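K.L.:
Got a predicted model here, sequence first, then my questions.
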Amino acid sequence: EYPIDNVEDFTLGQVINADDFEEGQFVDVTGKSIGKGFAGTIKRHNYTRGPMTHGSKNHRAPGSIGQGTSPGRVFPGKKMAGQLGAKK
């Protein structure tokens, strides 16, 4: 954001090109990534899948999410399935 003299010179959704700025002027740009919905750990965090043969039943499961009785909780920040994309 930067101060402007007259707000009426701009409209909502107007395209602003590089020609509108001076050389050496700093510009902050933000955007939003494409939303991909609810994704599993393989797609969201690039986990590897389990073996597909030899009686394995762990094909796309995330595996263990923590220790046992001690500490008895899942640590914050654990990479799990969830919303992928649609982030600012």
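P.N.:
Done, it's in. Residues are numbered from 1 along each chain as shown.

K.L.:
low-scoring pLDDT stretches of the protein, where are they?
P.N.:
Along the chain, the parts satisfying pLDDT under 70 run over 1-2.

K.L.:
In it, what residue spans correspond to strands?
P.N.:
Counting by DSSP state E, the chain has these strands, from start to end: 38-39, 82-83.

K.L.:
What spatial separation is found between H45 and P62?
P.N.:
9 Å (CB to CB, to the nearest Å). The way it works is simple: take the backbone N, C-alpha and C, and place the C-beta from them, glycine included.

K.L.:
higher neighbour count, these two?
P.N.:
Shown here are H45 and P62; by other CB atoms under 10 Å, P62 has more neighbours (17 against 14).

K.L.:
Next, the contact list for that one, please.
P.N.:
P62 makes contacts with G40, T41, Y47, M80, A81, as judged by CB atoms under 8 Å, 6 or more residues apart in numbering.

K.L.:
before we move on, the earlier item: what's the closest of the strands of the chain to V27?
P.N.:
Relative to V27, the nearest member of these by CB to CB is strand 82-83, separated by 29.1 Å.

K.L.:
Can you work out which other helices and strands pack against that closest one?
P.N.:
strand 38-39 (3 or more CB pairs under 8 Å, 6 or more residues apart in numbering; DSSP states H and E).

K.L.:
Quick one: residues in contact with the strand it packs on.
P.N.:
A81, G82, Q83, L84.

K.L.:
measure the second one to N58 for me?
P.N.:
As judged by CB to CB, G82 and N58 stand 20 Å apart.

K.L.:
How many residues are close by Q67?
P.N.:
11.

K.L.:
Same question for the one 10 residues further on.
P.N.:
Residues lying near G77 (other CB under 10 Å) number 6.
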